[in-house]
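Novice: Kindly return the folded structure for what I paste below:
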Amino acid sequence: MSHFTPRGEEREVSADGQARPVRVALRNDYEIVLGGFRRMLERYQHRVEVVEVLEQQRIDQPVDVALYDTFAQHEPEHHVVAEMIANPANASVAVYSWIVEQELIDAALRQGVRGYFAKSMTALELVEAIERVAAGEVVCSPPDGRVRSNAALDWPGRADGLSDRESEVLALITQGKSNAEVAARTHLAPNTIKTHIRSAYRKIGATNRVEAVLWGVQNGFRPDHDAAPH
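Specialist: Next up is the predicted model:
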């Protein structure tokens, strides 16, 4: 396994123009998250082709790398990762997360993922990491805990001033999770969760949990495909 080290230059396209881009799919339940991923990689279409962008659906066409985005999950759901790895359409599977802790990396690698990428990566760094996994390497970002957000990414409520962490906490609340469940999923202390909740309430103008959940339902904080088939 190698930690990701940016190479600092773009791969050259072959003279005949026939070099096939790496085919990549992203799995996540939130359309705004998926759309941000698409936009971030647009300028690298000659290197990475986003062939499918899915919400809780099975990838049904061959891809070189399938990325599991952990928004509103943090710790990758083991059964989802296992299903993606078992799917013959996925040549390799990698995790894409704001939480890059050694225990989570190790658990994912034990399951068989080939990469664990921090969302602080620039678009070029992500492209290079995807290419290296597609070429057979196991590539992981350094275990830095909670990483800073890439400005090119998007998440629900960002336009309303919510930070990525506040957005994920509010998404979990909107899904009906208790404070204890949110703390367990985010690896945060209960008091920290309360701080994020208070800050999120202030930004969205909510005075209680019912108002916050209603605002979340109306503003894209529920998964887009709760009942979609696996």
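Novice: Please count neighbours and contacts with C-alpha atoms only from this point.
Specialist: Noted.
Novice: Look up phi and psi at the residue nearest the centre of the chain.
Specialist: Relative to the mean C-alpha position of the chain, the nearest C-alpha, by C-alpha atoms, centre = their mean, is the one of Asp69, at 2.4 Å. Note on Asp69: backbone dihedrals following degrees, to the nearest 10 are phi -80, psi 130.
Novice: My guess is it contacts Ile99. True?
Specialist: No. The pair Asp69 / Ile99 is not scored as a contact, 10.9 Å apart, by C-alpha atoms under 8 Å.
Novice: so what's the residue nearest to the centre of the chain closest to, chain neighbours aside?
Specialist: Tyr96 (4.8 Å; C-alpha to C-alpha, 6 or more residues apart in numbering).
Novice: give me every residue that touches Thr174.
Specialist: With contact taken as C-alpha atoms under 8 Å, 6 or more residues apart in numbering, Thr174 is in contact with Ala212, Val213, Leu214, Gly216, Val217, Phe221, Arg222.
Novice: which of those lies closest to Arg165?
Specialist: Nearest to Arg165 among the contacts of Thr174: Phe221, at 13.1 Å, using C-alpha to C-alpha.
Novice: ok, the closest one to Val33 distance?
Specialist: Using C-alpha to C-alpha, to the nearest Å, we find Phe221 at a distance of 11 Å from Val33.
Novice: Give me the more crowded residue out of the two.
Specialist: The neighbour count for Phe221 versus Val33, taken as other C-alpha atoms under 10 Å, is higher for Phe221 (27 against 18).
Novice: Could you check which helix or strand contains that one?
Specialist: Following DSSP states H and E, there is no helix or strand that holds Phe221.
Novice: That one contacts Leu170, doesn't it?
Specialist: Yes. Counting by C-alpha under 8 Å, Leu170 is a contact partner of Phe221 at 7.3 Å.
Novice: Quickly list what's touching both of the two.
Specialist: Jointly contacting Phe221 and Leu170 under the rule C-alpha under 8 Å, 6+ apart is no residue at all.
Novice: Domain-wise, how is the protein divided?
Specialist: By the record's domain assignment, the chain is partitioned as 2-146, 158-218 (automatic domain parsing).
Novice: Glu83 and Phe71, how far apart?
Specialist: 18 Å.
Novice: who has more neighbours, these two?
Specialist: The residue with more neighbours, out of Glu83 and Phe71, is Phe71; 23 against 12, by other C-alpha under 10 Å.
Novice: ok, which stretches of the chain are strands?
Specialist: Remark: strands assigned in the chain by DSSP state E are 2-3, 22-27, 48-54, 65-69, 93-97, 99-100, 115-118, 139-140, 145-146.
Novice: Next, format these as TSV and append mean pLDDT and distance to Glu166.
Specialist: Below are those laid out as TSV (pLDDT from 0 to 100; distance: least, C-alpha to C-alpha, whole Å):
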stretch	mean pLDDT	distance to Glu166
strand 2-3	64	29
strand 22-27	91	21
strand 48-54	80	24
strand 65-69	91	17
strand 93-97	93	15
strand 99-100	84	14
strand 115-118	94	18
strand 139-140	96	26
strand 145-146	70	13
